[in-house]
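Enquirer: Okay, predicted coordinates and the sequence, questions at the end:
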Amino acid sequence: MSTYLESRIAEALAAAYQNVVGPSSEAIDVRPSDRPEFGDFSSNVALARASDAAVAPRELAERLVGRLKESDEGDFRDVRVAGPGFVNLYLKPETIHSALGHLLGLGDRFGHSDQGARTRMQVEFVSSNPTGPLTVGHGRQAVLGDVLANLYVRLGYDVQREYYFNDEGRQIDLLAESLWARHRELSGESHEIPEDGYRGEYLVDVAKELDDDLSGRSGVSFPSFTEEARLFYRREAVERLTGMIQDDLGKLGVRFDRWFSEVTLHRSGEVAEALDALRRHDGVYEKDGAVWLKSEAFGASQDAVLVRSNGRPTYLMVDIAYHMNKKARGFDRVINVQGADHHAELTYVKAALRILGLPEEWLHYAVHQFVSLKEGGQTLKMSTRAGRFVTLHDLLAELGGDIVRWFMISRKPEAHLDFDLDLARSESQDNPATYVQYAHTRIVSIFRKVGSLQEGAEWGTVDLSPLTEPEELDLIKSLDRFPDIVETSAVAFGPHLLADYALQLSRAFHGYYDRHRVLSENETLTRARLALLRGMRVVLRESLAALGMSAPEEM
């Protein structure tokens, strides 16, 4: 998405091109200049269209520059040709002011668009099996998925957040037996946890909670792990651990529109239907008593088993059925947020959907790397199955949701994340999360001081001409980038881009405020600077909202 200023410049260049060459429907590329001496913005239009114009790039650039300089209503204080044919554009202050006026006119709608046209999109994320508390790794995915959904909502998509949980299969049976053993321990018995079972202390707490709830109820006792016991403890384990997961996600500020149970796919017959559909499309074959997906021929590294020789479907088979269910529910686009350890699996699912004839762009995977906790310069060792890990619950209890969310998206998803506990605990300006929030708080406090000066203010009509300081013009140009940052952060699966933008904007504001008086005896200048801060507050508040963080008015 082009910014307001980029679009305005592109229109001027298009008009100049039409005047010196002729009409063209091709988009004109305009980008911020890397260095002030190269102008505010630069365009490669002459290089890109020289062959169409049948002239050398630099000659075309000179013609365009000449036309722009001739324009009486021009937006530019100067236009120059550079290198082989780049056009460098230096904006008039009033042109830059118009971007702030545009922002103030839109208010809280700035950064929102209707480009998604209410396209139905599902974002599935976390989807951790209900076999234990969420870890810090799950926390990263929760924040990444939630922010991604927030961004697409701002782009005008109809977004549904979904959590898929596996409440069927061997892992759930192992969980059930592990909980049974822990529960019997409360009666003085000793039972071995299954070899691949769950040994974490959290199951002791779940067993105690279950025992308290069963107190006084007769007829609920399973001295041995029978089929009836398996069904009972499986249900209790899934319900209680799912509730624990929901509570932790709630504290993180993550909500889901739907919690989808794997069991429903088996009971509805959709797993068998998915296999039949693959057979009809000649996408499977049998070997060694198992059913295999012809995935290698459709983009995967090798073929994959769908149904084991014992007749039980694999997780992949169920996952394919789940995605067919998503399609049947009418989603136009689906985004799955998954850890890097699922890379092979996602290639198999994509292969299956190709076999079934679904559009390639219908399903997109947003993959992220893992997260480690660092404290005192040392990385903490964690193991979920052995029960040695820091839970998301504990992290939230110590740091709070805002701090956890910021640090979870502080690096690009494809990079391993070292969550620095010492920095996250810091209450100094070194902590980037509180630094950004403080910028918003500081602006609110300024408006609190002015009182009646802001009452009934039509910020979009304020005279902005006193804003001539280079820092002021640079701040406006930075604010103008916000809608483009929102789009880029969503499309590139890069919430860290928005976080970095908010941090840089906060640094620029703090630096500006420390050097320039906002409130002065010059009322025209004061109102203009308050208008600038008004725009700053809008963008900071909307940035924090998209990141799922609060915008405090006091700290």
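Expert: Sure, I can see it.

Enquirer: got the contact list for the closest residue to D257 other than its chain neighbours?
Expert: Counting by Cβ to Cβ, 6 or more residues apart in numbering, Q160 is the residue found nearest to D257 once chain neighbours are left out, at 4.7 Å. All C-beta atoms are positioned from the backbone trio N, CA, C, and that covers glycine. For Q160, the contact set (Cβ atoms under 8 Å, 6 or more residues apart in numbering) comprises 120-123, 257-258, 331.

Enquirer: So which of those are in strands?
Expert: 120-123, 258 (DSSP state E).

Enquirer: neighbour-wise, which of those residues leads?
Expert: V123 (27 neighbours; other Cβ atoms under 10 Å).

Enquirer: what is that one paired to in the beta sheet?
Expert: Beta bridges link V123 to R161, I335, judged by DSSP bridges.

Enquirer: Which residue, neighbours along the chain excluded, lies closest to the residue nearest the centre of the chain?
Expert: Nearest residue to the geometric centre of the chain (Cα atoms, centre = their mean): L148, 2.6 Å. Distances taken as Cβ to Cβ, 6+ apart place V123 nearest to L148, at 6.0 Å, with adjacent residues excluded.

Enquirer: tell me the mean pLDDT for whichever strand or helix holds G145?
Expert: Applying DSSP states H and E as the criterion places G145 in helix 136-154. Across helix 136-154, pLDDT averages out at 97.

Enquirer: How about stretch 353-365?
Expert: On average, stretch 353-365 scores 97.

Enquirer: Flag every buried residue along that stretch.
Expert: 353-356, 358, 363-365 (16 or more other Cβ atoms under 10 Å).

Enquirer: and S372, helix, strand or coil?
Expert: strand (DSSP: H, G, I helix; E, B strand; the rest coil).

Enquirer: Quick check: bridge partners of the closest residue in space to it that isn't next to it in sequence?
Expert: Nearest residue to S372 in three dimensions, chain neighbours excluded: T379, at 5.0 Å (Cβ to Cβ, 6+ apart). Per DSSP bridges, the residues bridged to T379 are K374.

Enquirer: Just to check, T379 is in contact with F419?
Expert: No: assessed by Cβ atoms under 8 Å, T379 is found out of contact with F419, at 9.9 Å.

Enquirer: any residues in contact with both of those two?
Expert: Going by Cβ under 8 Å, 6+ apart, residues that sit against T379 and also against F419 are 372-373.

Enquirer: Which of those two has more residues huddled nearby?
Expert: Neighbour count, other Cβ under 10 Å: between T379 and F419, F419 has more, with 25 against 11.

Enquirer: for the residue nearest to the centre of the chain, what are its contacts?
Expert: 123, 125, 335, 337, 366, 490, 493, 495.

Enquirer: Between all of those residues, which two are separated the most?
Expert: F125 and A490 (14.1 Å; Cβ to Cβ).

Enquirer: Moving C-terminal from the helix or strand of the chain with the lowest mean pLDDT, which element do we reach first?
Expert: Each helix and strand of the chain was given a mean pLDDT (mean pLDDT, DSSP states H and E); the minimum falls on strand 378-379 at a mean of 86. Next helix or strand after strand 378-379 toward the C-terminus (DSSP H and E): helix 392-399.

Enquirer: Now do the helices in the stretch 51-200 of the chain.
Expert: In the stretch 51-200 of the chain, helices defined by DSSP state H, counting those that start in this stretch lie at 57-70, 93-106, 136-154, 170-185, listed in chain order.

Enquirer: for the second one, packing partners?
Expert: Contacting helix 93-106 under the criterion 3 or more Cβ pairs under 8 Å, 6 or more residues apart in numbering; DSSP states H and E are the following elements: helix 4-20, helix 470-480, helix 523-546.

Enquirer: 10 Å instead?
Expert: Helices and strands touching helix 93-106, by 3 or more Cβ pairs under 10 Å, 6 or more residues apart in numbering; DSSP states H and E, are helix 4-20, strand 76-82, strand 86-91, helix 470-480, helix 482-491, helix 523-546.

Enquirer: Assess the claim that T347 and Y365 are in contact.
Expert: Yes: with contact defined as Cβ atoms under 10 Å, T347 and Y365 form a contacting pair (9.2 Å).

Enquirer: returning to that earlier point: quick check: which of the helices of the stretch 51-200 of the chain is buried the most?
Expert: helix 136-154 (a mean of 25; mean count of other Cβ atoms under 10 Å).

Enquirer: mind checking how far it is from the chain centre?
Expert: Chain-centre distance of helix 136-154: 4 Å, with Cα atoms, centre = their mean, to the nearest Å.

Enquirer: which intervals of the chain have sub-threshold pLDDT?
Expert: Low-confidence segments of the chain, defined by pLDDT under 70, are located at 72-73, 216, 218-219, 382-389, 452-457.

Enquirer: how's it carved up into domains?
Expert: 4-91, 428-546 (automatic domain parsing).

Enquirer: Quick one: closest of the ones you listed to S113.
Expert: Going by Cβ to Cβ, the one of the domains of the chain nearest S113 is domain 428-546, 6.8 Å.

Enquirer: How much space separates D248 from E209?
Expert: The spacing between D248 and E209, counted by Cβ to Cβ, to the nearest Å, is 16 Å.

Enquirer: who has more neighbours, the two?
Expert: Legend: neighbour count by other Cβ under 10 Å for D248 and E209, higher for D248 (22 against 13).

Enquirer: For that one, which three-state class applies?
Expert: D248 is classified as helix under three-state DSSP.

Enquirer: Pull the contacting residues for it.
Expert: Residues in contact with D248 (Cβ atoms under 10 Å, 6 or more residues apart in numbering) are 133-134, 138-139, 142, 254, 391-397.

Enquirer: Turn the helices of the stretch 51-200 of the chain into a markdown table, including distance to Y285.
Expert: As requested, the helices of the stretch 51-200 of the chain are exported to a markdown table (distance: least, Cβ to Cβ, whole Å):
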| stretch | distance to Y285 |
| --- | --- |
| helix 57-70 | 57 |
| helix 93-106 | 57 |
| helix 136-154 | 35 |
| helix 170-185 | 25 |
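
Enquirer: All good on my end, thank you.
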